[in-house]
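# the following comprises the amino acid sequence and a computationally predicted model.
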Amino acid sequence: MIELQRVTKIYPGSNHPAVDGVTCTIPEGEICIFIGPSGCGKTTLMRMINRLVPITSGKILVGGKDIYTMDPVSLRRRIGYVIQEIGLFPNMTVRDNIAVVPKLLGWPKQKIDDRVDELLNLVNMPPDLFRFRYPRELSGGQAQRVGVARAMAADPPYMLMDEPFGAIDPINRAVLQDEFLKIQEKLKKTIIFVTHDIDEAIKMGDRICLLRDGRLEQYGTPDELLSNPKNDFVKNFVGTDRALKRLNLLKVEEAMLRDPIRCHVNDKTTDILRYMEREKLNYVIITDENDVLRGYVSRRDVADYQGPVEKVVRPMSLTVPPSCNLKDALSKMLQNDLGILCVVDEKKRLLGVLDPKTLFQTMDNTYDEKGGDEDRFATEDRWHERIG
Ligand SMILES: Nc1ncnc2c1ncn2[C@@H]1O[C@H](COP(=O)(O)OP(=O)(O)OP(=O)(O)O)[C@@H](O)[C@H]1O
């Protein structure tokens, strides 16, 4: 855990604080994003944590310990540091760049070599290919991966990352972000990550600390900032398309209608037709005895054929897992002109359905001025009453 308590920085010769009384707690194992307009104090605040910038007043605790009671060298060993310019030593191989801190710590050669290879594998760079390359022989993305590997060499529990992917083109940047999130899922470091890019903040952050002019404007999860911005500054900063951005964060399982009406593949079409007429359904989903999705039928399908519904069921090839984000689900629906999308588990068992109205309600709820806690799973909103 990293705790900032009324942290303030006034640079010598300045009468305006660069960081002004910032208080927030970064829980263990989370990524906290520092973001805000240029000059708002992100870098200053980050560099106070590893004592590269001396603090003017307030307190910083790392792992429960006041950083000013710790020796700065041992503090920095506990905190990996990645910067945008990477700072690889040009005359050293990738191996030696990664090995800098382990060497300082006096690790034996074999342990260092094993660690270098382990880290290169972790950042998706086959050690045999890259171990002995020099920084000039790497692409920007590869060099940045080495920078991340180097910061993690001595397995520090904390990491400070100052715009680590800032200089990388958007495509490689997305790859690096995804790779880093996967690594973080495994390693669960406590990370502070500075960025200028709100989309990166929303994607990477468990929490976002939004600064303006040295002061903390809002501290919360990406979803809190998007759905409940504290003031107009936050609202404008996260962007007018915050509803769409929020779709990126929400999972299908949070918006789907659970336990949708379905019939069984062994049911007779005559029974299904009677049921559909009674319930005023135009379509109904068909599953088997294990609740595995088999497809759907229309009223006409079952009216035109007498016998087991298995013979007329139409397959639904496009489904989504519950972990899919709503933006991807929506784009699948739009691309394929689907009225509904079935949500299935890895065994293709039906978990729920998603329809455009549910999606739009989820987006609507983003706007506090319209929103509220409208129940988007209300039974009268059953999908089947709006399609067909
Ligand atoms: N060494 C310094 N001496 C004096 N003032 C400084 C120093 N470093 C930064 N500042 C000032 O402190 C304020 C905060 O700067 P800081 O670099 O922390 O902001 P930032 O949010 O990281 O900016 P950017 O997004 O542009 O990198 C700015 O007004 C800056 O001019």
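Yep, it's here. Residues are numbered from 1 along each chain as shown.

# quick one: name the residues of the stretch 101-250 of the chain near the ligand.
Counting by Cβ under 6 Å from any ligand atom, the stretch 101-250 of the chain comes close to the ligand at residue 196. (C-beta placed from N, C-alpha, C; glycine too.)

# ok and the residue in the stretch 101-250 of the chain nearest the ligand?
Closest to the ligand within the stretch 101-250 of the chain is residue 196: 5.9 Å, counting by Cβ to the nearest ligand atom.

# middle-most residue in this protein, spatially?
Centroid-nearest residue in the chain: residue 203, 3.9 Å away (criterion: Cα atoms, centre = their mean).

# that residue reaches residue 173, doesn't it?
No: contact criterion Cβ atoms under 8 Å: residue 203 and residue 173 do not qualify, at 10.3 Å.

# low-scoring stretches of the stretch 151-300 of the chain, by residue?
Residue ranges of the stretch 151-300 of the chain with pLDDT under 70: none are present.

# can you give me the strands in it?
158-162, 190-194, 207-212, 215-220, 257-258, 262-264, 283-287, 293-298 (DSSP state E, counting those that start in this stretch).

# related to what we said a few turns ago, with adjacent residues omitted, what lies nearest to the residue nearest to the centre of the chain?
Leaving aside its chain neighbours, residue 203 sits nearest to residue 177 (6.1 Å; criterion: Cβ to Cβ, 6 or more residues apart in numbering).

# who's in contact with that neighbour?
Listed by Cβ atoms under 8 Å, 6 or more residues apart in numbering, the contact set of residue 177 reads 165, 200, 203, 204.

# how is this protein divided into domains?
As given by automatic domain parsing, the domain ranges for the chain are 2-249, 252-385.

# ok so, going back, list phi and psi for the residue of the stretch 101-250 of the chain closest to the ligand.
Here is the backbone geometry of residue 196 (degrees, to the nearest 10): phi -100, psi -10.

# for residue 21, see how far away it is.
23 Å (Cβ to Cβ, to the nearest Å).

# likewise residue 120?
For residue 120 relative to residue 21 (Cβ to Cβ), the value is 42 Å.

# tally of neighbours for residue 241?
Residue crowding around residue 241 was assessed by other Cβ atoms under 10 Å; the count is 10.

# what of residue 188?
Neighbourhood size, residue 188 [other Cβ under 10 Å]: 13.

# give me the nearest residue to it, chain neighbours excluded.
residue 29 (3.9 Å).

# what's the answer for residue 327, then?
Among residues not flanking residue 327 along the chain, residue 247 sits closest, at 4.1 Å (Cβ to Cβ, 6+ apart).

# check residue 304 too.
Residue 304's closest residue in space is residue 312 (Cβ to Cβ, 6+ apart), at 7.7 Å.

# identify the residues contacting the one you found.
269, 297, 301, 302, 304, 305.

# which among those residues gets closest to residue 62?
Using Cβ to Cβ, residue 297 comes nearest to residue 62 of the contacts of residue 312, at 61.1 Å.

# what's the spacing between the closest one and residue 198?
Counting by Cβ to Cβ, the gap from residue 297 to residue 198 is 45 Å.

# give me the more crowded residue out of those two.
Shown here are residue 297 and residue 198; by other Cβ under 10 Å, residue 297 has more neighbours (25 against 20).

# need the contact list for that one.
263, 269, 272, 283, 284, 286, 309, 312, 313, 314.

# in the stretch 1-150 of the chain, which spans are helices?
Ranges of helices in the stretch 1-150 of the chain, per DSSP state H, counting those that start in this stretch, are 42-49, 72-77, 94-98, 100-104, 109-122, 127-130, 140-151.

# then the longest one to CSV, C-alphas only?
Think helix 109-122. The C-alpha trace of helix 109-122 is given here as CSV (Å, rounded to 0.1, in the frame of the first residue of the first chain):
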residue,chain,number,x,y,z
LYS,A,109,25.9,-15.0,-12.1
GLN,A,110,23.7,-18.0,-12.6
LYS,A,111,20.8,-16.4,-10.6
ILE,A,112,21.2,-13.2,-12.7
ASP,A,113,21.1,-15.1,-16.0
ASP,A,114,18.1,-17.1,-14.9
ARG,A,115,16.3,-14.0,-13.8
VAL,A,116,17.1,-12.1,-17.1
ASP,A,117,15.7,-15.0,-19.1
GLU,A,118,12.7,-15.3,-17.0
LEU,A,119,12.0,-11.5,-17.4
LEU,A,120,12.6,-11.6,-21.1
ASN,A,121,10.1,-14.4,-21.5
LEU,A,122,7.7,-12.4,-19.3
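
# residues of it that come out buried?
Within helix 109-122, the residues that count as buried by 16 or more other Cβ atoms under 10 Å are 112, 113, 115, 116, 117, 119, 120, 122.

# now the residues you listed as JSON lines including distance to residue 332 and pLDDT?
JSON lines is the format used below for those (distance: Cβ to Cβ, whole Å; pLDDT from 0 to 100):
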{"residue": "112", "distance to residue 332": "47", "pLDDT": "91"}
{"residue": "113", "distance to residue 332": "46", "pLDDT": "91"}
{"residue": "115", "distance to residue 332": "42", "pLDDT": "89"}
{"residue": "116", "distance to residue 332": "42", "pLDDT": "92"}
{"residue": "117", "distance to residue 332": "40", "pLDDT": "91"}
{"residue": "119", "distance to residue 332": "37", "pLDDT": "88"}
{"residue": "120", "distance to residue 332": "36", "pLDDT": "91"}
{"residue": "122", "distance to residue 332": "32", "pLDDT": "82"}
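
# what would those residues look like in CSV with distance to residue 357?
CSV is the format used below for the buried residues of helix 109-122 (distance: Cβ to Cβ, whole Å):
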residue, distance to residue 357
112, 58
113, 58
115, 53
116, 54
117, 52
119, 48
120, 49
122, 43
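
# returning to what we had before: which stretch among the helices of the stretch 1-150 of the chain comes nearest residue 182?
So among these, helix 109-122 is nearest, using Cβ to Cβ, at 9.3 Å.

# quick one on the thing from earlier: what two of the contacts of residue 177 are the furthest from one another?
The span of these, defined through Cβ to Cβ, is set by 165 and 203 at 10.8 Å.
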